[in-house]
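Undergrad: okay, structure incoming, though there's no sequence with it:
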């Protein structure tokens, strides 16, 4: 009896299993349905691999299928035949914070060049209240994702003002506490601007102490190095400082917008690359980022005024300009101007007291003022200061840095309203320019290598675990475009132009650019590192 009942039970179980399997098989043959389906694209997944033919299925903010999705349906289907599909670009060094927090929250200039994520508060600048900054973005909405640094320079100014001295033990403890607060608020790491005051007044042990806080949270260290030319310690020693911080604090170090600035340092990119590679060979995580232009952008004061003259802040600088230090100041500023290649190489990009000077070289401005270039610069600084574009880099250095596998892409650009001044065109065109000039026209790097520098490399360095690649369950930050047609239209004389050629931009599964038209949607998020 027992054996018969057992046999009957087994038969019933078999029938139930067969029925379940049949139902499952029937269910699996039903066409999958997605929110968004991208068909027939040439997929560059962001890792540097060559393209492969694949479809992408997106539901919500995730890629939920990738491959040959025959029979699949979607609320919206995009035919990407003949087009390239890539991850959204990540700008690891952006000054777009004010624009995104204000009237330009959609970020059209960013979206047009394929940016879906920007990293804010670089160079040691930005607010120390990251919770407030996050809330501002989250409350107002943004068109792209943002990640935030906690800024060493702002922390130092909060504790020490513009003093040129080391902090006391108590002051250092307060700086460490502010850095920790920023990391707890979701920062991806610590940024520094050791070229700028007051960051330039910091010794390296102070920076290392704050970098160790970032390391405790799995963060990174990013630095506008102390010298990109031969102002003080020299660019090679300045890059070595980033290596030392990364080594001693045990975290990834990033040399911001790496360059050899000014004719006196041209060719030193080879030495910089050698030093970084040697550090990497011995196990130190060091990287660089770069914008693809031969001109930099900064403030007139930052470019020419020696840091000793800035001690104590703007009021003290004015006293030095008008007082007995004037002749010393003029002499050292003249030398700094020569380091940058002379007054022809500095072009005024923003000068609120007299916008008619915007777009003119310092040489032309000084001739109009009937002053020497240095005295003209001092006159403008006394009236509130100016922003400048500085033509000071060589193409061989740019190309050598760009070829390195540890080099990421950035804009180092502002997000400003069209018609406001003559800002550096990098803010509107850096990523498009890299594809147009250095991939399509010159062949300095190939397309998969360039895309990797804009996507998976920055995502991996910054700990963005589910962005920067196209794969199952990754966040749906996606671009669709014809690489041959991508171009930057912003120029030095006419910077207020959008990049062209990126037809579709998807941020967190939402189309923010659709067949070349902006949708006005604001799906961007503040990216907070996953920490366990």
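TA: Good, I have the coordinates. These figures come from a predicted structure and were not determined experimentally.
Undergrad: look up how far residue 396 lies from the residue lying closest to residue 513 once chain neighbours are set aside.
TA: Take residue 513 and drop its neighbours on the chain: the residue closest to it by CB to CB, 6 or more residues apart in numbering is residue 505, 3.9 Å away. To be clear about C-beta, it is placed using only N, CA and C from the backbone, and glycine gets the same treatment. Residue 505 sits 33 Å away from residue 396, going by CB to CB, to the nearest Å.
Undergrad: which of those two has more neighbours?
TA: Per other CB atoms under 10 Å, whichever of residue 505 and residue 396 has more neighbours is residue 505, with 29 against 13.
Undergrad: if I've got this straight, residue 149 is in a strand?
TA: Yes. The assignment for residue 149 is a strand, going by DSSP: H, G, I helix; E, B strand; the rest coil.
Undergrad: from what I see, it and residue 191 are in contact.
TA: Yes. With contact defined as CB atoms under 8 Å, residue 149 and residue 191 form a contacting pair (3.8 Å).
Undergrad: for this protein, give me the ranges with low pLDDT.
TA: Low-confidence segments of the chain, defined by pLDDT under 70: 1-31, 531-532.
Undergrad: rerun at 50
TA: 1-29 (pLDDT under 50).
Undergrad: okay, now residue 50: neighbour count?
TA: When neighbours are counted by other CB under 10 Å, residue 50 comes out with 10.
Undergrad: gap between stretch 200-218 and the chain center?
TA: 21 Å (CA atoms, centre = their mean, to the nearest Å).
Undergrad: in it, what counts as buried?
TA: Within stretch 200-218, the residues that count as buried by 16 or more other CB atoms under 10 Å are 200-202, 206-215, 217-218.
Undergrad: now intersect those with the helices, please.
TA: 206-215 (DSSP state H).
Undergrad: ends of stretch 397-414, how far apart?
TA: By CA to CA, to the nearest Å, the extent of stretch 397-414 from end to end equals 24 Å.
Undergrad: mind listing what's buried in it?
TA: Neighbour counts over stretch 397-414 (16+ other CB under 10 Å) mark 397-398, 400-402, 404, 406-414 as buried.
Undergrad: residue 493: what's it in contact with?
TA: Applying CB atoms under 8 Å, 6 or more residues apart in numbering to residue 493 gives the contacts 359, 422.
Undergrad: name the residues that touch the host helix or strand of residue 451?
TA: Assigned by DSSP states H and E, residue 451 belongs to helix 447-454. The contact list for helix 447-454, computed with CB under 8 Å, 6+ apart, reads 44, 46-51, 84, 86-87, 89-90, 114, 402, 407-409, 431, 434-435, 438-439, 445, 483.
Undergrad: residue contacts, the closest residue to residue 407 other than its chain neighbours?
TA: The shortest distance from residue 407 to any non-neighbouring residue, by CB to CB, 6+ apart, is to residue 288 (4.9 Å). When the contact criterion is CB under 8 Å, 6+ apart, the partners of residue 288 are 254-256, 258, 276, 401, 404, 406-408.
Undergrad: ok, now residue 49?
TA: residue 448.
Undergrad: before we move on, what about residue 399?
TA: 438, 442, 444.
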